[in-house]
Every structure is written in structure tokens, then in C-alpha cells.
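Enquirer: Dropping a prediction and its sequence here:
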Amino acid sequence: MNTSKDSATSVDRRESKAHAALIAAYRDGLGLAAIAIIRDATGVRIATFGNASDCTPSAGEQIETRWWCRRSADAARVAAAATARLRRDESKDIAAVPVGASCSAQRAGAAIAAAAKQCGVTLYSEAETAAAAMAMIARVDEEIEQLQRTGELKSVNRSYRSYRTETTARGEIALPYAQWFNQYKANLVRQLAAALRFS
């Protein structure tokens, strides 16, 4: 058993999870809504998620592809138009087969793209939103490094000590500093993204 390899894998998983949380915080701060192609045992379907934080499929489902847009109402309109388009196309091919049973993710994706164009809604891919999030995360990292250099990060460390004292006084277990700091950083990203949203 290679414990150094196992611990490296564990660190990679934690870093990947923290990275995903920062991207989710960016999407959440912007208030992005998702349109997704979901696959389950019966086939594929088009679904919407009102905001980035609730974008998780149910048990037995997986997200094939996902796009983001600025408003949940736009996501709902695009999804409804895409589903109607698929129904029309499938009724020409196979009468009485429900949407999903014979539909491929590729056809569903094409229907979503056509519906977005028809509705005048701009969709952003996973890669596009992740790249924009990474630019903002890099800004936050630079700010944190600047605070460390100037010694101004002491106030953040005091906040953690206060949090830990209050949490243990309630008989609860405080998060380790690294985990707490990741949440602190995610909140900064969320706030910056929200400022963009309302500017």
C-alpha cells in the first residue's frame, strides 16, 4: 500500500473540490441559471436549474452537458422551446415514443442551441463560465497575497479565531482553518460576481 500516493490523491481531491466550489460561487454570485441535458435509465431529457447552487441531478441521473444563462426565466423558455422542438421532430419519426426514449444528447443539444437562438438568449458553456470564474479567482488570489505581504490578513485570522471560539462555545465542531478559509474565499468570489451582476 502506497500511503504517499494515497495522501497525494486525497489532497488532489480536496483541491479539486475547493476549485469547483469557487467556480460554483462565481456562477451563484452572477445568479446564472442552468439548462442541462440529463441522462437516466429511460434516456435523456432537458432540465433547468434556477440557480448555480441547486444544479445537481437526482439519484440515478447524470448531467451530459450543461449551459448557463443570465436569468432562470430565460432558461425555462429555452428548455420549453427545445423540448417542444424535440417532440415535433420525434413525432415525425416515431409516433407515441416519449421524448427521451429515442432522443440522443446530440439531438437535444442541437434543439437547445436552436431554441436559444429563436428566443434570443445567449448561452454560456461550462468552459466559458469556468474561464471567467478563473480570472476572478486569480484576482482574489492576488488580493489575498497582497494582504499577506502587508500583514493585513491578521484581521481574517482574527475572524477565524472568533468563529472557532463561538462554534466551540455552542458545543459544535469548528471547521479546520483551511476549510474555513476556502469558504471565506468562495464568499469573496460570490460577492465580486454579484457586484458584476448588478453593475
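Expert: Yep, it's here.
Enquirer: going forward, measure contacts and count neighbours with C-alpha atoms only.
Expert: Noted.
Enquirer: In this structure, mark out all the strands, start to finish.
Expert: 33-40, 43-49, 62-69, 124-125 (DSSP state E).
Enquirer: and the residue positioned nearest the centre of the chain, how far is that from residue 194?
Expert: For the chain, the residue nearest the mean C-alpha position is residue 24 (3.8 Å; C-alpha atoms, centre = their mean). Separation of residue 24 from residue 194 (C-alpha to C-alpha, to the nearest Å): 13 Å.
Enquirer: Domain parsing of this protein, as residue ranges.
Expert: The chain breaks down into these domains under automatic domain parsing: 31-125, 128-197.
Enquirer: for the shortest one, what is the average pLDDT?
Expert: What domain 128-197 shows for mean pLDDT is 93.
Enquirer: Other residues contacting stretch 165-185?
Expert: 18, 22, 140, 160, 163-164 (C-alpha atoms under 8 Å, 6 or more residues apart in numbering).
Enquirer: Narrow these to those that are buried.
Expert: Among the contacts of stretch 165-185, those classed as buried by 16 or more other C-alpha atoms under 10 Å are 18, 22, 140, 160, 164.
Enquirer: Find the nearest non-adjacent residue to the first one, please.
Expert: With C-alpha to C-alpha, 6 or more residues apart in numbering as the measure, residue 182 is the residue that lies nearest to residue 18, at 6.7 Å, once sequence neighbours are left out.
Enquirer: What's opposite residue 63 in the beta bridge?
Expert: residue 38 (DSSP bridges).
Enquirer: That one contacts residue 47, doesn't it?
Expert: No: using C-alpha atoms under 8 Å, residue 63 makes no contact with residue 47, being 9.6 Å away.
Enquirer: Show me the common contact partners of these two, please.
Expert: 36-38.
Enquirer: List just the nearest of the contacts of stretch 165-185 to residue 85.
Expert: residue 22 (35.2 Å; C-alpha to C-alpha).
Enquirer: tell me, how many neighbours does the nearest residue to the closest one once chain neighbours are set aside end up with?
Expert: Counting by C-alpha to C-alpha, 6+ apart, residue 22 lies nearest to residue 186, which is 5.1 Å off, once chain neighbours are set aside. If you count neighbours by other C-alpha atoms under 10 Å, residue 186 ends up with 23.
Enquirer: I'd assumed residue 17 was in contact with residue 186.
Expert: No: using C-alpha under 8 Å, residue 186 is not in contact with residue 17; the gap is 11.9 Å.
Enquirer: about what we covered before: retrieve the pLDDT associated with the residue nearest to the centre of the chain.
Expert: On the pLDDT scale, residue 24 gets 91.
Enquirer: can you check the one 3 residues further on too?
Expert: Looking at residue 27, its pLDDT is 93.
Enquirer: can you check the one 4 residues further on too?
Expert: pLDDT recorded at residue 31 is 91.
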